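Asker: coordinates for the following, if possible.
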Amino acid sequence: MTKTSNSFKFVLVIMLFLSGINIFSVALADADIKVSSPSSSLDPDVAELRWNYTTNDNIRDVTITADGDLVAASTYSDDGLIYLFNDEASESKIPLWTYNATNSAYGVDITPDGNHIAAVSDEQNVMYFNDSITSPKRPEWEFSPTSDFPNDIAMSANGDYIVAATDDGTVYLFNSTYSNPKTEMWSFSTGTSVWSVSISADGNYIAVASEDDHLYLFEKASSTPLWNFTEGNAVNVVEISDDGNYLVAGTQNSKVLLFAPSSNVPIWSYTAGDSVYSVAINSNGNYITAGGNDYSIYFFERSSSTPLWNYTTGAQIGDTDHPHCIDISADGKYLAVGSNDNYIYVFERSSPIPLWNYTTGGIIYAVAMSANGAFITAGGEDQQVYLFFQDILTISPAGISFGYWFILFALPTFVALIVIKRKSYKKI
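Answerer: Residues are numbered from 1 along each chain as shown. The predicted structure follows:
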């Protein structure tokens, strides 16, 4: 046997070895991608319910820290409560603290680090808390609007700026500094109900969705809008990307609208099957999701108004007074949805088939997701606050993959083996 033939055979062995590695890694990846069907209940191989807690009434709003360590929730009723929980699972879950807002607590928000919590209630109060465990719990400061009942609240990432909106359309911007009495930095009146406000992570941009048929964008320095937009129909919901470079809005006349802060002309517009009540946008604005009265969840890339996919649930998603029924992870890889069909759904952006879902005892009024998508909290009509954990490392493909390049190795290898075999027969 010559050196040339030995070298050739050696190369063939290497090719076969690489092919084997690739096939093995692809098989590993397929084995680790566990997807539950849309009709199934929670799949323990994908996600788990860490805990649920029975509150004093229906849940109006929920929010979660970036790492999923803390969850805040608020409830309806004459003695509406604000709750703060940690993520630790226990058979008898108890809150870290509660605060009696003495009326329905319509909105709650928490900073990504969990150090600050803000809430609004029908007692006509805007409240700002720290996360310290004290009994009784007290706000760092409170503000009582002279306008009307507050509906929604949002905070900048460091908690320095807080925006709140009321039922008569007055929007207030605050800083976090204590003062007695507490006063706003500025206020602006749209003239009719505002159910949704949003603020960029640095607090520089504030977006307001109003039933006066306008979407407003402000800079924190002024109560004069940078611009407004109208198509003659109520704007139900708005959310700004964390970096402040994009905002998405949903309207009563079925539109999903994407904007940049520089212009009130939409980058694109998509017409859904009915009113859009909930929207979400990831940190850099690359991915957008929306849902509403047509029972459908839509998932978009920023580059196109054509959805990558849509999925139909069993009922509408959100309502005019429940705008927080969709959330998305910071990188846009996962999204959580709460529906009036009593289900919580979680998706990966690559597929319209839910990774998992969970049936609750009532309509879901709010969901929130941690930055990496591992933790999901939700609440609604069944008076339960839920916290789920999904193993995102298990969901993601495992092993080393060379794609399907193994075909390029395998085919020449088989041909070469046939040639060698024929030559060896001729030598005999």
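
Asker: and the residue most central in space within the chain, what are its bridge partners?
Answerer: Nearest residue to the geometric centre of the chain (Cα atoms, centre = their mean): residue 327, 1.9 Å. Residue 327 has these beta-bridge partners by DSSP bridges: residue 336.

Asker: pull the contacting residues for it.
Answerer: 280, 335, 336, 367, 368, 369, 376 (Cβ atoms under 8 Å, 6 or more residues apart in numbering). For every residue, glycine as well, the C-beta is placed using N, CA and C.

Asker: nearest to residue 84 among those residues?
Answerer: Using Cβ to Cβ, residue 368 comes nearest to residue 84 of the contacts of residue 327, at 13.6 Å.

Asker: any idea what that closest one is bridged to?
Answerer: Applying DSSP bridges, one finds that residue 368 bridges with residue 377.

Asker: so, low pLDDT: which residues of the chain?
Answerer: Scanning the chain with the threshold set as pLDDT under 70 gives 1-41, 396-428.

Asker: break down it into its helices, ranges please.
Answerer: Taking DSSP state H to define them, one finds helices in the chain at 3-32, 392-395, 406-427.

Asker: hmm, back to that, which one of the contacts of residue 327 is nearest to residue 124?
Answerer: residue 368 (25.1 Å).

Asker: and stretch 385-394, end to end?
Answerer: Stretch 385-394 has an end-to-end distance of 25 Å (criterion: Cα to Cα, to the nearest Å).

Asker: surely residue 334 touches residue 351?
Answerer: No. Residue 334 is beyond contact range of residue 351, at 11.2 Å (criterion: Cβ atoms under 8 Å).

Asker: okay, those two: which has more neighbours?
Answerer: Remark: of residue 334 and residue 351, residue 334 carries more neighbours, 24 against 13, as counted by other Cβ atoms under 10 Å.

Asker: the residue nearest to that one when sequence neighbours are not counted: how many residues sit nearby?
Answerer: Leaving out its chain neighbours, the residue that sits closest to residue 334 by Cβ to Cβ, 6 or more residues apart in numbering is residue 373, at 3.3 Å. Neighbourhood size, residue 373 [other Cβ under 10 Å]: 25.

Asker: for residue 373, give its distance to residue 278.
Answerer: As defined by Cβ to Cβ, to the nearest Å, residue 373 lies at a distance of 17 Å from residue 278.

Asker: what are the ranges of the strands in the stretch 201-350 of the chain?
Answerer: Per DSSP state E, counting those that start in this stretch, the stretch 201-350 of the chain carries strands over the ranges 205-210, 215-219, 227-229, 235-240, 247-251, 255-259, 268-271, 276-281, 287-292, 296-301, 309-312, 326-328, 334-338, 343-348.

Asker: so the residue nearest to residue 334 touches residue 390, yeah?
Answerer: Yes. Using Cβ under 8 Å, residue 373 is in contact with residue 390, at 7.2 Å.

Asker: all strands of the stretch 1-150 of the chain, in order?
Answerer: Using DSSP E, counting those that start in this stretch, strands in the stretch 1-150 of the chain cover 47-54, 59-64, 70-75, 81-86, 97-100, 105-110, 116-121, 125-130, 141-143, 150-155.

Asker: who's in contact with residue 44?
Answerer: Residues near residue 44 by Cβ under 8 Å, 6+ apart: none.

Asker: quick check: it vs residue 124, distance?
Answerer: From residue 44 to residue 124 the distance is 45 Å (Cβ to Cβ).

Asker: next one: residue 304
Answerer: 43 Å.

Asker: who's more crowded, these two?
Answerer: The neighbour comparison of residue 304 against residue 124 (other Cβ under 10 Å) goes to residue 124, with 17 against 10.

Asker: what values do phi and psi take at the more buried one?
Answerer: phi 60, psi 50 (degrees, to the nearest 10).

Asker: that one touches residue 150, doesn't it?
Answerer: Yes. Judged on Cβ under 8 Å, residue 124 makes contact with residue 150 at a distance of 7.0 Å.
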